[in-house]
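Chemist: A predicted structure for the sequence below; I have some questions about it.
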Amino acid sequence: MTERKEDQRIVENKYRYILIAGARANQLLLGAHPKVTISAKKKTFIALEEIKQGKVVVTFPGAEETPVELK
């Protein structure tokens with residue numbers, strides 16, 4: 001299995017994986033401090049490594065506030 005496929009298993013699907021990586025790369029471009037130390041300079045590679053190492057926490061607004069009724 002390739003390294004990218006292993007990274008994607010951390011996130012439930014590849015589309016969410018890309019959205020999270022893109023959002024984190026944007027934060028890095030806007031001046032956020034990297035949560036990992038790697039030799040890569042590109043913000044996208046840093047974001048992908050942060051996800052791989054589990055350093056990125058994703059929260060979805062309203063996810064816990066809206067109870068779901070099971071019938």
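Modeler: Now that the structure is in, tell me what you want to look at. Residues are numbered from 1 along each chain as shown.
Chemist: which other helices and strands contact the helix of greatest length in the chain?
Modeler: In the chain, with assignment by DSSP state H, the single longest helix is helix 14-29. With contacts defined as 3 or more Cβ pairs under 8 Å, 6 or more residues apart in numbering; DSSP states H and E, helix 14-29 has these neighbours: helix 3-10, helix 43-52. Bear in mind the C-beta positions are built from the backbone N, C-alpha and C, glycine included.
Chemist: What ranges in this protein fall below the confidence cut-off?
Modeler: The model of the chain has pLDDT under 70 over residues 1-11, 60, 62-71.
Chemist: let's see 50
Modeler: Of all residues in the chain, those with pLDDT under 50 make up the ranges 1-2, 8.
Chemist: Give me the neighbour count for the closest residue to residue 24 other than its chain neighbours.
Modeler: Distances taken as Cβ to Cβ, 6 or more residues apart in numbering place residue 47 nearest to residue 24, at 3.9 Å, with adjacent residues excluded. A count of nearby residues for residue 47, using other Cβ atoms under 10 Å, gives 27.
Chemist: again with residue 22
Modeler: Residue 22, neighbours per other Cβ under 10 Å, totals 12.
Chemist: need the contact list for it.
Modeler: 44, 47 (Cβ atoms under 8 Å, 6 or more residues apart in numbering).
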